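Novice: next input, structure requested:
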Amino acid sequence: MIDIQLIRENPELVKENNRKKFQEQKNTLVDEVREKDVLLRETQTKADKLKSERNKISEQIGIFMQDKKMSDAEALKNKVAEMKSEIDLLEEKEKVLREEIKNKMMMIPNIIAEDVPIGEDDSKNVEEARFGEPIIPDFEIPYHSDIMARFNGLDKDAAGRVSGNGFYYLMGDIARLHSAVLAYARDFMIDKGFTYCIPPFMIHGDAVDGVMSFEEKDAMMYKIEGEDLYLIGTSEHSMIAKFKDQILKESELPITMTSYSPCFRKEVGAHGIEERGVYRIHQFEKQEMVVICKPEESDAWYEKMWNYSVELFRSLNIPVRKLVCCSGDLADLKYRSCDIEAWSPRQQKYFEVCSCSNLTDAQARRLGIRYKKENGEKEFAHTLNNTVIAPPRMLIAFLENNLNSDGSVNIPEVLRTYMGGKERMEVK
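Specialist: Sure, this is the predicted structure:
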């Protein structure tokens, strides 16, 4: 959510931002917010004036009572009662207007960075850099579910019987590899100075509204029937919401956390659920990184965070590239974002494995996350998030890039401790 001062002072900037994001239809929201904001301030002024008059009359009533002028006091009491009724009506009107303004403000996108490429959708995202040489081996690489099957590592048929499409059983060495990369990613981020956290896997509706746009909520979140609880789609949701309505100390910033969680997603929309493999599914596990910092630090943290992803994937022998997200591909809360994409030797193309985002103060405004400066002023913090690693999707890149012609899979040195010292996984 943007600062309403922007709409008061520079509505054309907000409208131009909507146009850059190909959401020009939301410009009517800007006008509606301005109109309601004017009405709200007029209502507040009228209510404040009445309250001031009421206070003066109340003082006069006290004087009349002391002077035994009971009839005069009674007349003023009647006037105060009439004023109270009018004040109550004005305060109720204020409450309604505030809620209407808030709901409209939450649908207006965050202001994007000046250097964000302009484009309608992810087809206009821009490759910025590559890390590691993409390799095309001289032998055929099977589909990832077939590689897993060689190790008796994947059972989607049983998952279909038990849970339906979009679920899976991981077994044996593949399940162990899944846990190993999560443990390695956890320790990798701890070594970078991040605090390890296991958060709640369900959060209240007001927390959901604070961390994501309404469109994302409808497309992603599973709601618990009969309760004000949602299953998280990523641990970022509960990690950021941890600081909801808090005033932090400036000395506490930056707060850097890395968290493990299962993640649950409807995956509603064009992509759909993958029938055969584990690329797009309803349930997965993830190691996430989250930063809460001062505004002047967020750009630097953004650079650090996506570079951590590159470093981690390269340590697992996986070539990656950085893809800058264009304006139309940015979720409404994002100031800037990039995807780290891993190389798929089988497909001979890159695919997304991490997404790093700077949301400036948009998310903090929705959640009420502020910090107190040394001079006593309170300011909204900036929030950032990035995927550390998200198996089983990242296992696709791992298996393809570490596969040998005999079907065995090499275990990079950094992962061997977590795999019982194994240097390779042998076909069953």
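Novice: can you pull out the strands in the stretch 51-200 of the chain?
Specialist: 126-131, 154-155, 169-170, 195-197 (DSSP state E, counting those that start in this stretch).
Novice: those strands into a markdown table, with extra columns for mean pLDDT, mean neighbour count and distance to residue 279?
Specialist: In this view, the C-beta of every residue, glycine as well, is placed from N, C-alpha and C. Shown next, in a markdown table, are the strands of the stretch 51-200 of the chain (pLDDT from 0 to 100; neighbours: other Cβ atoms under 10 Å; distance: least, Cβ to Cβ, whole Å):
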| stretch | mean pLDDT | mean neighbour count | distance to residue 279 |
| --- | --- | --- | --- |
| strand 126-131 | 97 | 13 | 21 |
| strand 154-155 | 93 | 20 | 12 |
| strand 169-170 | 94 | 18 | 14 |
| strand 195-197 | 97 | 14 | 27 |
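Novice: any idea which helix is longest in the protein?
Specialist: helix 27-66 (DSSP state H).
Novice: for the record, mean pLDDT for that helix?
Specialist: Helix 27-66 shows a mean pLDDT of 89 in the predicted model.
Novice: name the helices or strands packed onto it?
Specialist: Here helix 27-66 touches helix 4-9, helix 11-20, helix 70-105, going by 3 or more Cβ pairs under 8 Å, 6 or more residues apart in numbering; DSSP states H and E.
Novice: and these, which one averages the lowest pLDDT?
Specialist: helix 70-105 (a mean of 87).
Novice: please identify the buried residues of that one?
Specialist: By neighbour count on 16 or more other Cβ atoms under 10 Å, the buried set for helix 70-105 is 73, 76, 80, 83, 87, 90, 93-94, 97, 101, 104-105.
Novice: on the three-state scheme, the residue nearest to residue 150 when sequence neighbours are not counted is what?
Specialist: Spatial nearest neighbour of residue 150, excluding adjacent residues (Cβ to Cβ, 6 or more residues apart in numbering): residue 427 at 4.8 Å. Under DSSP: H, G, I helix; E, B strand; the rest coil, residue 427 falls in the coil class.
Novice: tilt between the longest helix of the chain and helix 70-105?
Specialist: Here helix 27-66 points in a direction 160 degrees away from that of helix 70-105 (axes from the mean of the first three to the mean of the last three Cα atoms, to 10 degrees).
Novice: mind checking how far helix 27-66 is from the chain centre?
Specialist: Mean C-alpha position of helix 27-66 versus that of the full chain (Cα atoms, centre = their mean, to the nearest Å) differs by 38 Å.
Novice: buried set for that helix?
Specialist: So for helix 27-66, counting by 16+ other Cβ under 10 Å, buried means 27, 29-30, 33-34, 36-37, 40, 43-44, 47, 54, 61, 64.
Novice: and the residues you listed as JSON lines, adding distance to residue 180?
Specialist: JSON lines is the format used below for the buried residues of helix 27-66 (distance: Cβ to Cβ, whole Å):
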{"residue": "27", "distance to residue 180": "50"}
{"residue": "29", "distance to residue 180": "48"}
{"residue": "30", "distance to residue 180": "50"}
{"residue": "33", "distance to residue 180": "50"}
{"residue": "34", "distance to residue 180": "55"}
{"residue": "36", "distance to residue 180": "54"}
{"residue": "37", "distance to residue 180": "54"}
{"residue": "40", "distance to residue 180": "55"}
{"residue": "43", "distance to residue 180": "60"}
{"residue": "44", "distance to residue 180": "59"}
{"residue": "47", "distance to residue 180": "62"}
{"residue": "54", "distance to residue 180": "69"}
{"residue": "61", "distance to residue 180": "77"}
{"residue": "64", "distance to residue 180": "83"}
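Novice: who touches residue 152 in this structure?
Specialist: Each residue near residue 152 by Cβ atoms under 8 Å, 6 or more residues apart in numbering is listed here: 171-172, 428.
Novice: residue 68 versus that one, what's the distance?
Specialist: Computed as Cβ to Cβ, to the nearest Å, the residue 152 to residue 68 distance reads 98 Å.
Novice: give me the three-state assignment for residue 346.
Specialist: What three-state DSSP gives for residue 346 is coil.
Novice: if we ignore the residues flanking it in sequence, what's nearest it?
Specialist: Of all residues beyond its chain neighbours, the one nearest residue 346 is residue 141 (4.0 Å), with distances taken as Cβ to Cβ, 6+ apart.
Novice: count the neighbours of that neighbour for me.
Specialist: Residue 141: 19 surrounding residues under other Cβ atoms under 10 Å.
Novice: who are the neighbours in contact with it?
Specialist: Neighbour list for residue 141: 147, 345-346, 400, 403 [criterion: Cβ under 8 Å, 6+ apart].
Novice: farthest pair in the buried residues of helix 27-66?
Specialist: 27 and 64 (55.8 Å; Cβ to Cβ).
Novice: on that earlier part again, and the angle from the longest helix of the chain to helix 11-20?
Specialist: Inter-element angle recorded for helix 27-66 and helix 11-20: 140 degrees (by the same axes, to 10 degrees).
Novice: ok, residue 423 touching residue 411?
Specialist: Yes - with contact defined as Cβ atoms under 8 Å, residue 423 counts as touching residue 411 (5.7 Å).
Novice: okay, the two: which has more neighbours?
Specialist: With neighbours defined as other Cβ under 10 Å, residue 423 and residue 411 compare such that residue 411 has more, 24 against 11.
Novice: where does that one fall, phi/psi-wise?
Specialist: Phi and psi for residue 411, reported as degrees, to the nearest 10, are phi -100, psi 110.
Novice: for residue 77, see how far away the residue lying farthest from the centre of the chain is.
Specialist: If you look at how far each residue of the chain sits from its centre, by Cα atoms, centre = their mean, the farthest one is residue 68, at 65.3 Å. From residue 68 over to residue 77 the distance is 15 Å, taken as Cβ to Cβ.
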